[in-house]
Every structure is written in C-alpha cells, then in structure tokens.
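**Q** next one to model:
(one chain, ligands or ions: 1)
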Amino acid sequence: MEDEIKSIVQEAKAAIAQSDAVSLSVTAAKFIGRKARLTQILRSIKEFSAPERQKAGSLANRARGEIEAALLQRKQELATSAQRSTMKRDTTLPGITPEIGHLSPVTIVTNQLIGALTELGFEIAHGPEAELEAYNFDYLNIMPNHPARDEWDTFWLRQGKDNKTSVLLRTHTSPVQIRYMLAHKPPLRIIAPGRTFRYEAEDATHASVFSQMEGLMVDKGISVAHLKAVIVHFVDRVLGEGNQVRFRPSFFPFTEPSFEVDVRFRDKWLELMGCGMVHPQVLRNVGIDPEEYSGFAFGVGIERLALLKYGINDVRLFLGGDMRFVKQF
Ligand code: DAH
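**A** Numbering: from 1, shown residues only. Okay, here's the model as predicted:
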C-alpha cells in the first residue's frame, strides 16, 4: 500500500503539471475527489489493525496534503500567466507618434505681423470683441446718422438707452485705438490684433468672422512718411520683399487724409488695408491736442494677407475646419 500511495502522488503531480485552468478541477476530482483512490484508502484506514493504522494514516494524509499543495501551486501559476498574457505589452517599443496639431495660417501671419511691429517698438493692446457702440463708432467720428455707418454692417448684441450702453460685436479693431488713447498719454505706439465681425453676405473674399490688426502711432511730428515706411516694412516681412504696394486716396471718418493700400497679386490689385493720419477730431475726442500731436493708424485684414501669402482663393476656408485644407500648412 505504501507503494500504491507513492505512485498515486507521482501520477497526480504529473497530471497536475499538465493541467490547464479548465482541466485542473477534473484532475483534482480524480486524485482527491470523493471517488478517488486515495480517498478510498483514507476511508478504509479505520479497518486496519492498530499499528498499521497509524502508519498508513499518516502516509495517506501526507499524500493528500502534497497533492493539495501541488494543485494550489498550479492554480496560482495559471492565474499569473493568464494575467501576463492580457497585459502583453512591450514597454520598450517606441510609441505610435500622436498626430500633432499646428498653427493656423491666420495665427502664423498674425505672429509675423506682431514680430515685424514689435521690433519697431509697437506694443500689443487688446480690446473686447463685444464692444460699446461709442467706441466702435462715435469716438471714431462715425456719428449715428452718418452714411459711413452703413459701411460696417453690424451685429447688435444689445440696444441700450445710449451709445455707452448699446453693445455690438466690434466691426473692426479700431475701437482699441480709442480705449488705448483714453487710458494713455502720447507718445503711443500700439498694435491690436483680433477678431472682428460683420453681418455680411459671405463670399470668397468676405466672411462674417475675420481678423484684423490695428496699428496706431501718436507722437510729435508724425507724418504720412512714417505711415508708409511702417506699412511697407510689415508687408515685406509677411509677403517677402519686392511686392508692388500701392497707396490710393480713400475715405474713413477717423483719418484725414485716408488711404487704401493694395498689393499686386496675380496681375490684380488686392485691397489689404485702410490707413491714414488720425483725424484731429478723434484726437480731441480722447483728450489729445491735435496742435501738439499727430498720428497715423491702419487696419489690416489678416485673412487677406494670408490669402496672398499662401495663394488661397477663399477666406471661408479659414474657419471651415476642413482637414484637407488645414493639413496643408
Ligand atoms: N477700421 C477700418 C475698417 O475696418 C480699417 C481702417 C482704416 C483702420 C483706416 C484704420 C484706419 O486704423 O486708419 O474698414
């Protein structure tokens, strides 16, 4: 019987080593289950004679203990290897490169403009997109019944009791000039890039949401020569040197004289910005003496500049979010 128990243990250990997670319980039943040979032996021990009983008893019990230990060990082995296979990762492999975004062409051009002007000593100023009627129009010499108001098709946000309570989406960045001049004394040199809004029928060269950069310089003895030098400097910076630039007389209520600046592009003149010498009335409106100071201002359309720079044919693409367009920059 001693030999039999020994061989049961051997057989059991071999079977356990070959079992997988599913067959392990079958193996367990076979060797230590109710009908297992070892169980039968254990049950029959009480019929043995006293001296044999003790020996056989401890032998069989030890065998059972060994088999149970082997089963437990195998069970743990199987569990760990199952866990490993669900986490089959090689952390030393290089990762999948994530898709990285990039700046939009409008931001690229804005940054170039900022670079070209801050190196001339211009500081960046900001104003709100939801603007007071007074700053968007009245202080800029665009009075309520002036026909020029029609030039700026306006999204009204709130009709208040007067021009300091009526709120609109700014139709240009020019109100930043007013806010800045009300808060600072000359000499002044600022640029104000930002979003602007017009209630417009959209087409390839007009969008309702677009970007401008305002420029303003006020000091003693500022002339059109300064204006021209600054504009040519930043147009060259963004579009590269050698473009034909044209200044043509124009009208804006807040400048006198006023000009429009065009750039020659694919055998056509493309309008880029309005500019001029700050109107004496505008200076008076913000408490600057036009006898002492003069200044120039400009407002450049940033998408227009990006169209030229990249040869894009439709401003609506800038905000369209079409990846085929966006990925080309
Ligand atoms: N604010 C004008 C517009 O959006 C552009 C402009 C013209 C700005 C002349 C200026 C300026 O500062 O002097 O149509």
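**Q** would you map the helices across the stretch 101-250 of the chain?
**A** 105-118, 133-136, 175-183, 224-239 (DSSP state H, counting those that start in this stretch).
**Q** could you dump the ones you listed into JSON lines with mean pLDDT, distance to Pro144 and mean neighbour count added?
**A** Every residue, glycine included, has its C-beta placed from N, CA and C. Below are the helices of the stretch 101-250 of the chain laid out as JSON lines (pLDDT from 0 to 100; distance: least, Cβ to Cβ, whole Å; neighbours: other Cβ atoms under 10 Å):
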{"stretch": "helix 105-118", "mean pLDDT": "96", "distance to Pro144": "33", "mean neighbour count": "18"}
{"stretch": "helix 133-136", "mean pLDDT": "98", "distance to Pro144": "9", "mean neighbour count": "22"}
{"stretch": "helix 175-183", "mean pLDDT": "98", "distance to Pro144": "16", "mean neighbour count": "21"}
{"stretch": "helix 224-239", "mean pLDDT": "96", "distance to Pro144": "29", "mean neighbour count": "17"}
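**Q** columns distance to the ligand on top of these, output as a markdown table?
**A** Below are the helices of the stretch 101-250 of the chain laid out as a markdown table (distance: least, Cβ to the nearest ligand atom, whole Å):
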| stretch | distance to the ligand |
| --- | --- |
| helix 105-118 | 14 |
| helix 133-136 | 10 |
| helix 175-183 | 7 |
| helix 224-239 | 9 |
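**Q** can you redo these as CSV with distance to Phe48?
**A** Listed next are the helices of the stretch 101-250 of the chain as CSV, based on distance: least, Cβ to Cβ, whole Å:
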stretch, distance to Phe48
helix 105-118, 94
helix 133-136, 110
helix 175-183, 106
helix 224-239, 105
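**Q** and the stretch 1-150 of the chain, which residues reach the ligand?
**A** Selection of the stretch 1-150 of the chain residues close to the ligand by Cβ under 6 Å from any ligand atom yields an empty set.
**Q** where does the stretch 1-150 of the chain get nearest to the ligand, residue-wise?
**A** Leu140 (7.9 Å; Cβ to the nearest ligand atom).
**Q** what residues are up against the closest residue in space to Thr196 that isn't next to it in sequence?
**A** Leaving aside its sequence neighbours, Thr196 sits nearest to Gln212 (Cβ to Cβ, 6 or more residues apart in numbering; 5.0 Å). The contact partners of Gln212, by Cβ atoms under 8 Å, 6 or more residues apart in numbering, come to 172-173, 193-194, 196, 299-302.
**Q** among those residues, which lie within strands?
**A** Assigned to strands by DSSP state E, the following of those qualify: 193-194, 196, 299-301.
**Q** where exactly do the strands run in this structure?
**A** Using DSSP E, strands in the chain cover 123-124, 130-132, 156-158, 167-169, 188-197, 209-219, 245-252, 255-265, 268-278, 294-301.
**Q** may I see the buried residues of the fifth one?
**A** Of the residues in strand 188-197, those buried under the neighbour-count criterion (16 or more other Cβ atoms under 10 Å) are 188-194, 196-197.
**Q** the residues you listed into JSON lines, with extra columns for pLDDT and distance to the ligand?
**A** As requested, those are exported to JSON lines (pLDDT from 0 to 100; distance: Cβ to the nearest ligand atom, whole Å):
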{"residue": "Leu188", "pLDDT": "97", "distance to the ligand": "13"}
{"residue": "Arg189", "pLDDT": "98", "distance to the ligand": "14"}
{"residue": "Ile190", "pLDDT": "98", "distance to the ligand": "11"}
{"residue": "Ile191", "pLDDT": "98", "distance to the ligand": "11"}
{"residue": "Ala192", "pLDDT": "98", "distance to the ligand": "10"}
{"residue": "Pro193", "pLDDT": "98", "distance to the ligand": "13"}
{"residue": "Gly194", "pLDDT": "97", "distance to the ligand": "12"}
{"residue": "Thr196", "pLDDT": "97", "distance to the ligand": "7"}
{"residue": "Phe197", "pLDDT": "97", "distance to the ligand": "11"}
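**Q** farthest pair in the residues you listed?
**A** Across those, the longest distance by Cβ to Cβ is 26.5 Å; it joins Arg189 and Phe197.
**Q** which ones are touching Ala148?
**A** Per Cβ under 8 Å, 6+ apart, neighbours of Ala148: 142, 251-253.
**Q** over to Gln177?
**A** 140, 190, 192, 214, 216, 254, 278, 282, 297.
**Q** distance to Lys6 for these - can I get that in TSV?
**A** Output for the contacts of Gln177, formatted as TSV (distance: Cβ to Cβ, whole Å):
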residue	distance to Lys6
Leu140	106
Ile190	98
Ala192	95
Glu214	98
Leu216	102
Phe254	108
Val278	109
Val282	110
Ala297	105
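**Q** sort out which of the residues you listed are buried, if you could.
**A** Counted by 16+ other Cβ under 10 Å, the contacts of Gln177 give 140, 190, 192, 214, 216, 254, 278, 282, 297 as buried.
**Q** what's the closest of those to Gly127?
**A** Ala192 (6.4 Å).
**Q** which residue sits closest to that closest one, ignoring its sequence neighbours?
**A** Val176 (3.7 Å).
**Q** thanks a lot, catch you later.
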